[in-house]
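Colleague: quick one: sequence plus predicted model below, questions after.
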Amino acid sequence: MSVATATLKIDGVEVTVPEGTTILKAARDNGIIIPTLCYLEGLTSYGGCRLCLVEMAGSPKLFPACATPIGPGMEVTTNSERLKEYRKMAVQMLLAERTHICSVCVADDHCELQALANQLGVDHVTLERNWTGMEIDSSHDFLVIDRNRCILCTRCIRVCDEIEGVHTLDLKLRGKEAQVIMDLDEHWVNSCSCTSCRKCAKVCPVGAIYIEGEPLDHTKRKDIAEFILSRRKK
Amino acid sequence: MMPGKEKTRVATIWLSGCSGCHMSFLDQDELLVPLAEKIQLVYGPLVDTKTFPENVDVTLIEGAVANEEQLALLKETRGKTKVLISLGDCAVTGNVAALRNVFKDSDKAVLEMAYIDTSEVNPQIPTGVPKLLKKVLPLHEVVKVDHFIPGCPPPAGLINYVLTELLNGRVPNMEGRSKYG
C-alpha cells in the first residue's frame, strides 16, 4: 500500500513526509529540533505553550508546529531572530505568570521550563511577576499538586484522559486564574475516579505535580504515553 | 574594565540575601590572588567603609530589595557605579526573599507572622528598623542592571569569569554558562 506524501521545505531543506503529518513531526523526523513544552509524544496536540511557533513563507502569521499539518510546497522556517525573541518572551511570560522559585522547587535541575530558559539564554525575567498564592493540595497519599508552579500545558489532563482513560483531571476557570482540578474540584484524596496511576506526575514538565519523597529524575518519564500506546498495539 | 588605570574599583553589596553569594565570591580561592592584583575593594561587607564611595567601576550586588534603606542604597549605588551586576538568584529573581510576595499586604503580614503570631514571649512589632516594601523586588525592577550572574549561589567560577572578562575590557557572554533560577 502506498502512502500519499507531500514535499515541503523546512529551513531550506527539502523533505518528503506522509500527508497529514504535523510540521513538528516532519521536522523532528528530519533532524530539525523545534522547542516544545506542552507537546508530548503519544498525546493529542494542544498548541498552548506557543514555543513551537514557526514562520511560513507567504504568511505574516506564525503557526504552532505541533498542531499544523504540512502541505505540499510549504516553506517553513523554524529558527530566526524573530522566533527566538518570541520564544524568549513566551518563556518569560510563563515564569512571570505564577510563582516560580527554582531554589525551593522540587523540579530544580529537572525542569523543562528551566531547561528552555537556559537553552534560549533567558537569565532574568523582564516582566513584573504575579506571585500567586494558589492552594497546594497534598491530601493524596503520595501525589502533590502545587498550582503555583503549573504552566497550564495540560499534559497531565491529556494523559489522564487519553492514556489512563479516567479523566480525573481537568481545568477550571480561565486565563491566569485557570487551575487543574480533580473531579468536580474535590481535594485529591476525595477523588473517586483517580486510580493513583502517577502518569500525571510522570509527564508534568515542571514541579507542579510530583510524588512526595520521590526524586524527580526517578518520577519523570516523558515517553510514558508513547510507550503505553506501543505496548497496546502488540 | 579600565585598561591603563592602576586598579579597578570594585564594590560589593549585601541586600536581602543569605551571604551565600559573598561566600561564593570567596570560593574563588586561589583565583582571588591574581584578581587582588587588579582590583581595589572599596566598599562592602568585607570592607570597613561606612558610606558608598564615588566613581566605582564595578558593583556586585547580592540579595533582593526588601526595605526602604536597601532601595535608597541601590539607587545611590547606581548613580556612582559604571557597571552594576546582579549577583545570585535573590538579586536576579527575588528568590527566597521574595517568597513573602504571595501574601496579601506582605510587608505587614510577614512581621505579624514572625513577631506576633509565632512569638510566645513579649510579642511586638520591632521599631526603629527600615520600613519593609510592599513587595520584595529583583534589582532590575528598580534600576538598570548591566549583567546578571544567576545561581543559588552563583558558581565561584562564573563570578570569576564575569570579573575577568570585565577587567580585560570584554563583555561577558553568559549564553550556555548560566543556569536560570
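Modeller: It's in. Keep in mind that what you see is a predicted model, and the values were worked out from it rather than measured.
Colleague: distance of residue B:80 from chain A?
Modeller: 23 Å (Cβ to the nearest Cβ, to the nearest Å). No exception for glycine: its C-beta is placed from N, CA and C like everyone else's.
Colleague: check contacts around that residue.
Modeller: For residue B:80, the contact set (Cβ atoms under 8 Å, 6 or more residues apart in numbering or on different chains) comprises B:52-56.
Colleague: go with 7 Å
Modeller: Contacts for residue B:80 (Cβ atoms under 7 Å, 6 or more residues apart in numbering or on different chains) come out as B:52, B:54-56.
Colleague: among these, which ones are in strands?
Modeller: When the contacts of residue B:80 are checked against strands (DSSP state E), the matches are residue B:56.
Colleague: give me the buried entries from the contacts of residue B:80.
Modeller: Among these, those classed as buried by 16 or more other Cβ atoms under 10 Å in any protein chain shown are B:52, B:56.
Colleague: the helix or strand harbouring residue B:90 packs against which elements?
Modeller: Assessed by DSSP states H and E, residue B:90 sits inside helix B:89-93. On a contact count with 3 or more Cβ pairs under 7 Å, 6 or more residues apart in numbering or on different chains; DSSP states H and E, helix B:89-93 meets strand B:56-62.
Colleague: any idea which helix or strand carries residue A:85?
Modeller: helix A:81-97.
Colleague: quick check: the residue of chain B found nearest chain A vs residue A:206, distance?
Modeller: Of all residues in chain B, residue B:181 sits closest to chain A, at 2.6 Å by Cβ to the nearest Cβ. For residue B:181, the distance to residue A:206 equals 11 Å [Cβ to Cβ, to the nearest Å].
Colleague: returning to what we had before: pLDDT (mean, whole number) over the helix holding residue A:85?
Modeller: For helix A:81-97, mean pLDDT rounds to 97.
Colleague: restricting to C-alpha, output that helix in CSV.
Modeller: C-alpha atoms of helix A:81-97 as CSV (Å, rounded to 0.1, in the frame of the first residue of the first chain):
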residue,chain,number,x,y,z
GLU,A,81,15.9,36.0,15.2
ARG,A,82,12.1,36.9,15.4
LEU,A,83,11.2,33.4,16.5
LYS,A,84,14.0,33.3,19.1
GLU,A,85,12.8,36.6,20.6
TYR,A,86,9.2,35.4,20.7
ARG,A,87,10.3,32.1,22.3
LYS,A,88,12.3,34.0,24.9
MET,A,89,9.2,36.2,25.6
ALA,A,90,7.0,33.1,25.9
VAL,A,91,9.3,31.5,28.5
GLN,A,92,9.5,34.8,30.4
MET,A,93,5.7,35.1,30.4
LEU,A,94,5.4,31.5,31.8
LEU,A,95,8.0,32.4,34.5
ALA,A,96,6.1,35.6,35.3
GLU,A,97,2.6,34.2,35.4
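Colleague: can you name the next helix or strand after it?
Modeller: Helix A:81-97 is succeeded, C-terminally, by helix A:112-120 (DSSP H and E).
Colleague: what angle sits between that next one and helix A:81-97?
Modeller: Using axes from the mean of the first three to the mean of the last three Cα atoms, to 10 degrees, the inter-axis angle of helix A:112-120 relative to helix A:81-97 is 140 degrees.
Colleague: helix A:112-120 - contacts with which helices or strands?
Modeller: Secondary elements touching helix A:112-120 (3+ Cβ pairs under 7 Å, 6+ apart): helix A:81-97.
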